[in-house]
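Could you work out the structure for the sequence below:
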Amino acid sequence: MIQNDYITCRELIGFLADYLEGRLTEEQRHEFDRHLSVCPSCVNYLDAYRKTVALGRLALTPSDSSAQGRAPEGLLQAIKSARRN
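Model (predicted):
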């Protein structure tokens, strides 16, 4: 790679999960970080991706408390109807 050539935004997005999980080689991580140093759009995308992952994990965290109340009857009927189709 020529010194001034950067990976593309599309390539960066393809490496996001590996980047966040620390699975990139040293050279790949360097190129990823180098792209981030010149691309505010990808910095924003990475930030939004991190927040989305964190919120998803939070939403799936088991709760010790039980659900309160009952689901509305109309909702239950709509689910049952959709399952029959």
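
what about residue 49, how many residues close to it?
Using other Cβ atoms under 10 Å, residue 49 has 16 other residues around it. Any C-beta I mention is one placed from the backbone N, CA and C, and that applies to glycine too.

Could you find the closest non-adjacent residue to it?
What sits nearest to residue 49 in space, not counting adjacent residues and going by Cβ to Cβ, 6 or more residues apart in numbering, is residue 16, at 5.8 Å.

so that neighbour makes contact with residue 47?
No - between residue 16 and residue 47 there is no contact under Cβ atoms under 8 Å: 11.4 Å.

Between the two, which is the more surrounded one?
Using other Cβ under 10 Å, the more surrounded residue of residue 16 and residue 47 is residue 16, with 16 against 10.

distance of the more buried one from residue 46?
For residue 16, the distance to residue 46 equals 7 Å [Cβ to Cβ, to the nearest Å].

same question, residue 53
From residue 53 to residue 46 the distance is 11 Å (Cβ to Cβ).

The two: who's more crowded?
Set side by side, residue 53 and residue 46 show more neighbours around residue 46, with 18 against 13, by other Cβ under 10 Å.

which element follows the helix or strand that contains the more buried one toward the C-terminus?
According to DSSP states H and E, residue 46 maps onto helix 40-59. Using DSSP H and E, the helix or strand that directly follows helix 40-59 along the chain is helix 73-84.
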